[in-house]
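Participant: sharing a model prediction with you, sequence too.
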Amino acid sequence: MLTFLAKRTATLVAAVLLSSYAVFLIPYVTPGDPVRKIIRSRVAGDVVDESTVKALSDSLGLQDPLPVQYLRWLGDFFTGDMGLSHISRTPVADQVIPALGITLSLVIVALGTAVVVALPLGIIAALRQGGRTDKMITTITQSFIAMPEYWLAPLLVLVFALKLSLLPSAGWSTPASMVLPAATLALRPISFFTSAVRSGVIDALEAEHIPAARARGLSRTQTILHHVVPNGLVPLSTLFAVWFAGLLGGSVIVEVIFAIPGMGRLLYDAVINSDIPLAQGGVVLVVGLAVAITTLADFLHRILSPKVGGTLA
Amino acid sequence: MRKLGQLSAMGLAALTALTGCGLSGGGTGAASKVADTNQRIVVDNFRAPVANWALESDAAYILSLSGCLETLTKYDSAQGKVVPFLATEWKQASPLEWDFTIRDGVKFQDGTDLTAESVAASLTSVLNAKVPARAFSPSIVSKVEATDANTVRVTTPSESPLVPFRLASVNTGILAPAAYQGATVDPFGHCTGPFTPVSEKAKQSLTLDRNGNYWGGDVQLAGAEVRFITNGATRATQVQTGEADISLSIPASALSSLENAPEVSVLKADSPRTATLYMNNGRAPFNNVDFRKSLRSALDLEALAASVYEGAALPAAGPFAPSEPWAGTASAPQQDVEEAKTLLAAAGYTADRPLEIIAIVERAEFADVATVIQDNLKAIGVPVSIQAKEYASAEPDVLAGNYDMILSQRNRLIDIADPIGFLTADYTCKGTYNLSHFCNQEYDDVIAQAARTSSTEDRYKLYAKAGEILDAEAVNLWLVNEQATDALRSSVLNYVQDPLSRYVLTAQTSKSGS
């Protein structure tokens, strides 16, 4: 157990360091002068005064060698200071924490919906393996994979906001405003989750202990509920964690279309504007949380599935 | 006292057209509707504040359009001149000094009085910003001070007739001293305008209530919510569903659906943005004026405007939009392939290599524009290749003169309501943003003279002359003038469109009851 946690903590630290350094380098390895990008973000327009470039560069310490700049950020970070945004000059924490909260809410609702939908569909498909119901469920859910968010989101807005006037077209102010973005994000996970549950349940149905359970007098329903479904859920936990981690920073399209001030949009804007402290703060939080979630999923997986090893070494 | 000035009748008429006078809202049946002063209004704006509420940033536009922030002077689109706002009059006290008389009886929303001291402190704060606004920076303004209880003096390092224009820039908005007490600017309760900001949802919206003590008369709305919706399609949808009352900057792709939508009006006005094919005048074959003219004759601008821009832009007649008071009377050039071929022969052009057009990826439509141009030029025997690039990656080569052509678009009035900054930076020999590497002494002399000219009318004539030189030299290919397009619900009353979206909510803006 301790070894497992120690390994995962080391992974977490390494991931945070690597990702923060990679983000730190983005403005320097992409075309254009980072200082000019910052200035253009503050005062829109193309013409940039050279004296302003120099003054800002000096005041932000951007003239220093890159390792010095990075170590300065790292030192501040380990004392709990994520620094000030280059663009807004407000604390990074004041921007990334609310954005993370919004994206977490969105992702939890989206993936929760996906689980609620995928679970019964996957179980039914497995129990009707090869039949018409199985084929129908599989065909429909697999088609969701081919529905990109930039296509699906406007379609949902057209139907539910514009034509039916049932839901708000954008914003993040009421529970109703969460429905369309969450539905947009949920559709593709539904497809993957359904497939995973179906496979897990089929594997469980073919396991040796199932006939034994029936021989002990358990009904088919009892057998499915107590022996098949729990085993069928094992692959779902890992898949859920992967999707969760991916959507934390990867929901930018949905956040832009639905005007949601979440983490995807924040990171996208920060990188475009060369707002290095903001991008670093956001990425560190997302990566840290992603590693923590996948660790938790692995932990649960090992507890739920003896086949994985049964120990947490 | 020297108040800025009377425009010619032509200029007035032109500006009226430019800035959408006569395009006041609301929509269907608005004339028969009665304002309900208990109504609140929702405006979908196309940008969010990125630099907190720093006045040197775009946040000033948001505070101004929201009816919070006010300036000493104001650019009146209908009259086509700078008019009093928080200053009642102004005069050039000496070649380097302008005195502004502060309006009596104005209170900030926190109850404190607007005084010359508070105005001077507010403007000095803008001047001292780490990244100063282009309209009001230390290179343009040396000092701001109160000379008595009602007078603010603005000192410039060199004679500048444009100081009253600069003080109409939203970046020079006036806030109460309390707004500057913290580490960042706090506009809440510190403006002078008809609406007081009361709450903000970060990156989402700004909520404002009526300022019951507004100096400019009774405010006709109870309050407003300005939403920050960067996606154009979402703004278009919200005005259709009724979630928004006014949506600013509607994308071309949404125009047809909005124009057919019930209870929605679409307002259009010339914007000061012209999509332009910049040509590198500093190297062959573009250093030959006949070659540049031949390319101009080869282009079918009407087809370009109709196809790529879906009618949301009009063919450009030159460097200015036709409705701008400093624009000439020429009409958009017509495609003439035979003339283009003749000019090409006169230029002695041989197609020894394909010429390259850089289409910057930040403007998605430029890929299609480049393709249309490629087809047009192929018809006269000029092979063209297209390269898509981020602007940041193209800029160093473009500024250094290592390019053939680049599609770009500049806002002529981005800093102040006068094109002097644009004409200087983009086309003078020492211009800091001279992408076309054009250098012409006659042009430089005209611009230098304009910069010294106090009379607005005379200055506009000089701008027109400068435009004629650029057009005669075919410095660039001006393609289409974009239209500023807003949409509003029919319940909105007394809305006057501003192509630059500086003034959206005013004391007069109102809404009928549901």
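Facilitator: Now that the structure is in, tell me what you want to look at.

Participant: could you point out the helix or strand that follows the helix with the most length in chain B?
Facilitator: As assigned by DSSP state H, the longest helix anywhere in chain B is helix B:456-472. Next in sequence after helix B:456-472, counting helices and strands by DSSP states H and E, comes strand B:477-489.

Participant: if you average pLDDT over that next one, what comes out?
Facilitator: Taken as a whole, strand B:477-489 has a mean pLDDT of 93.

Participant: what of stretch B:428-442?
Facilitator: Stretch B:428-442 comes out at a mean pLDDT of 92.

Participant: and it, what's buried?
Facilitator: Across stretch B:428-442, burial judged by 16 or more other Cβ atoms under 10 Å in any protein chain shown covers B:428, B:431, B:433-438, B:440. Placement of C-beta: from N, CA and C, glycine included.

Participant: got it, and stretch A:98-108?
Facilitator: Here stretch A:98-108 shows A:98-100, A:102-104, A:106-107 as buried, counting by 16+ other Cβ under 10 Å.

Participant: take those residues and write them to TSV, including pLDDT and secondary structure.
Facilitator: As requested, the buried residues of stretch A:98-108 are arranged in TSV below (pLDDT from 0 to 100; DSSP: H, G, I helix; E, B strand; the rest coil):
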residue	pLDDT	secondary structure
A:98	91	helix
A:99	93	helix
A:100	92	helix
A:102	93	helix
A:103	93	helix
A:104	93	helix
A:106	94	helix
A:107	94	helix
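
Participant: nearest to residue B:340 among these?
Facilitator: Distance to residue B:340, by Cβ to Cβ, is smallest for residue A:99 among these, at 53.3 Å.

Participant: residue in the stretch 151-300 of chain A nearest to chain B?
Facilitator: The nearest approach of the stretch 151-300 of chain A to chain B comes at residue A:261, 3.4 Å away (Cβ to the nearest Cβ).

Participant: residues in contact with that residue?
Facilitator: Counting by Cβ atoms under 8 Å, 6 or more residues apart in numbering or on different chains, residue A:261 makes contact with A:98-99, A:102, A:172, A:255, B:201-204.

Participant: do the same with residue B:415
Facilitator: Residue B:415 neighbours (Cβ under 8 Å, 6+ apart): A:45, B:133-135, B:169, B:171, B:421.

Participant: what do you get if the cut-off is 7 Å, keeping everything else the same?
Facilitator: B:134-135, B:169, B:421 (Cβ atoms under 7 Å, 6 or more residues apart in numbering or on different chains).

Participant: centre-most residue in chain A?
Facilitator: Closest residue to the average C-alpha location of chain A: residue A:247 at 2.2 Å, with Cα atoms, centre = their mean.

Participant: hang on, that one in a helix?
Facilitator: Yes: counting by DSSP: H, G, I helix; E, B strand; the rest coil, residue A:247 is found in a helix.

Participant: how close does the closest residue in space to it that isn't next to it in sequence get to chain B?
Facilitator: Of all residues not flanking residue A:247 in the chain, residue A:107 sits nearest, at 4.6 Å (Cβ to Cβ, 6 or more residues apart in numbering or on different chains). Separation of residue A:107 from chain B (Cβ to the nearest Cβ, to the nearest Å) stands at 18 Å.

Participant: residue A:107 touches residue A:250, doesn't it?
Facilitator: No: judged on Cβ atoms under 7 Å, residue A:107 makes no contact with residue A:250 at a distance of 9.5 Å.

Participant: one step back: show me which of the buried residues of stretch A:98-108 is closest to chain B.
Facilitator: residue A:98 (6.4 Å).

Participant: was I right to think that closest one contacts residue B:203?
Facilitator: No: judged on Cβ under 7 Å, residue A:98 makes no contact with residue B:203 at a distance of 8.7 Å.

Participant: circling back: max pairwise distance over the buried residues of stretch B:428-442: which two?
Facilitator: Of all pairs in the buried residues of stretch B:428-442, the most separated under Cβ to Cβ is B:433 and B:440 at 16.2 Å.

Participant: can you give me the end-to-end span of stretch A:24-35?
Facilitator: 14 Å (Cα to Cα, to the nearest Å).

Participant: list the contacts of that stretch.
Facilitator: A:37, A:53, A:56-57, A:62, A:66, A:70, A:271, A:274, A:276, A:280, B:390, B:392-393, B:395.

Participant: which pair of these spans the longest distance?
Facilitator: A:70 and B:395 (26.2 Å).

Participant: following the chain past the helix or strand bottoming out on mean pLDDT in chain A, name the next helix or strand.
Facilitator: Lowest by mean pLDDT, DSSP states H and E among the helices and strands of chain A is helix A:34-42, with a mean of 76. Remark: after helix A:34-42, the chain's next helix or strand is helix A:50-59, criterion DSSP H and E.
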